[in-house]
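J.: sharing a sequence plus its predicted fold:
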Amino acid sequence: AQKVTQAQTEISVVEKEDVTLDCVYETRDTTYYLFWYKQPPSGELVFLIRRNSFDEQNEISGRYSWNFQKSTSSFNFTITASQVVDSAVYFCALVIRAQKLVFGQGTRLTINP
Amino acid sequence: DTGVSQDPRHKITKRGQNVTFRCDPISEHNRLYWYRQTLGQGPEFLTYFQNEAQLEKSRLLSDRFSAERPKGSFSTLEIQRTEQGDSAMYLCASSLERGGFSYNEQFFGPGTRLTVL
């Protein structure tokens, strides 16, 4: 079975702090995709990044960076110099065999001014 | 607007009534997914279509739920004899799949929030 665990239910930091959101996944498949989505208070899920299981290269996009480690089945997400607009619920998700997304329970991130 | 749209955005109904939701995917997308999200949880898969064919249904989708995508474009999700436990956000997503293993991201609509009284 496939499973995604986001152990951090809620995180609260002060603006400009760096924050890392953890994601651990389980699958027996060797081919899979991992995703991060953001769900702001408006409710719409916003795609952030996709990574396939053959590409362990870390990625940086502006203040966002992702660390994919197959050895520990983790796909962690770091926001550098956080801003109030980063406040949202963040979901990590897994896809195998090009079918449904399996989501974690989400991490509610609050950035305080 | 070329994103995924859903209608209605909010629905309040009494227990036992039937409700129907509509999803219009991004026009060139051949896959359409339905998910359900309850408070404090991540979205859970319900069903998906490749063009007009419904390829998978979750065990969450009881006999009271039915989904269609008659012409491979928009989709409807109907819940019959609603129960209070059906109260949730119903999310639709679409993607463009070209076959093989290349898998593209799903784009989500704003959701339909259902409240069953």
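T.: Structure's in. What do you need? Residues are numbered from 1 along each chain as shown, chains lettered A, B, ... in the order given.
J.: how about the strands in chain A?
T.: Ranges of strands within chain A are A:3-5, A:10-14, A:19-21, A:24-26, A:32-39, A:46-52, A:59-61, A:64-69, A:74-79, A:88-96, A:102-103, A:107-112, based on DSSP state E.
J.: and if you look at chain B?
T.: B:5-7, B:10-13, B:19-24, B:31-37, B:44-50, B:53-57, B:65-68, B:75-79, B:88-95, B:107-108, B:112-116.
J.: before we move on, back to that, what's the least confident stretch among the strands of chain A?
T.: When the strands of chain A are ranked by mean pLDDT, strand A:59-61 comes last with a mean of 87.
J.: strand partners of it, parallel vs antiparallel please.
T.: The sheet places strand A:59-61 alongside strand A:64-69 (antiparallel), with pairing taken from DSSP bridges.
J.: buried set for the partner strand?
T.: By 16 or more other C-beta atoms under 10 Å in any protein chain shown, the buried positions in strand A:64-69 come out as A:64-68. Backbone N, C-alpha and C define where each C-beta goes, glycine included.
J.: pull the most distant pair out of those.
T.: A:64 and A:68 (13.4 Å; C-beta to C-beta).
J.: skipping adjacent residues, who's closest to the residue in chain A that chain B sits nearest to in space?
T.: Closest residue of chain A to chain B, C-beta to the nearest C-beta: residue A:103 (3.3 Å). Using C-beta to C-beta, 6 or more residues apart in numbering or on different chains and skipping residues adjacent in sequence, the residue nearest residue A:103 is residue B:42, 3.3 Å away.
J.: if I look at residue B:26, how far off is chain A?
T.: 12 Å (C-beta to the nearest C-beta, to the nearest Å).
J.: what's the pLDDT at the closest residue to that residue other than its chain neighbours?
T.: Excluding its sequence neighbours, the residue lying closest to residue B:26 (C-beta to C-beta, 6+ apart) is residue B:94, at 5.2 Å. For residue B:94, the model assigns a pLDDT of 93.
J.: got the residues of chain B near chain A?
T.: Applying C-beta under 8 Å from any C-beta of the partner chain, we find that chain B lies next to chain A at B:33, B:35, B:40-45, B:48, B:56, B:58, B:89, B:91, B:93, B:97, B:101, B:103-111, B:113.
J.: among these, the buried ones, what's the ChimeraX command?
T.: To isolate in ChimeraX the members of the residues of chain B next to chain A that are buried, counting by 16+ other C-beta under 10 Å, one can use:
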select /B:33,35,42,43,44,45,48,58,89,91,93,103,104,105,106,107,108,109,110,111,113
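J.: quick one: neighbours of residue A:37, just the number.
T.: Residues near residue A:37, counting by other C-beta atoms under 10 Å in any protein chain shown, number 24.
J.: contacts only, for it.
T.: A:45-48, A:90-91, A:93, A:103, B:108 (C-beta atoms under 8 Å, 6 or more residues apart in numbering or on different chains).
J.: any quick ChimeraX command for the buried ones out of these?
T.: To isolate the buried members of the contacts of residue A:37 in ChimeraX, using 16+ other C-beta under 10 Å:
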select /A:45,47,48,90,91,93,103 /B:108
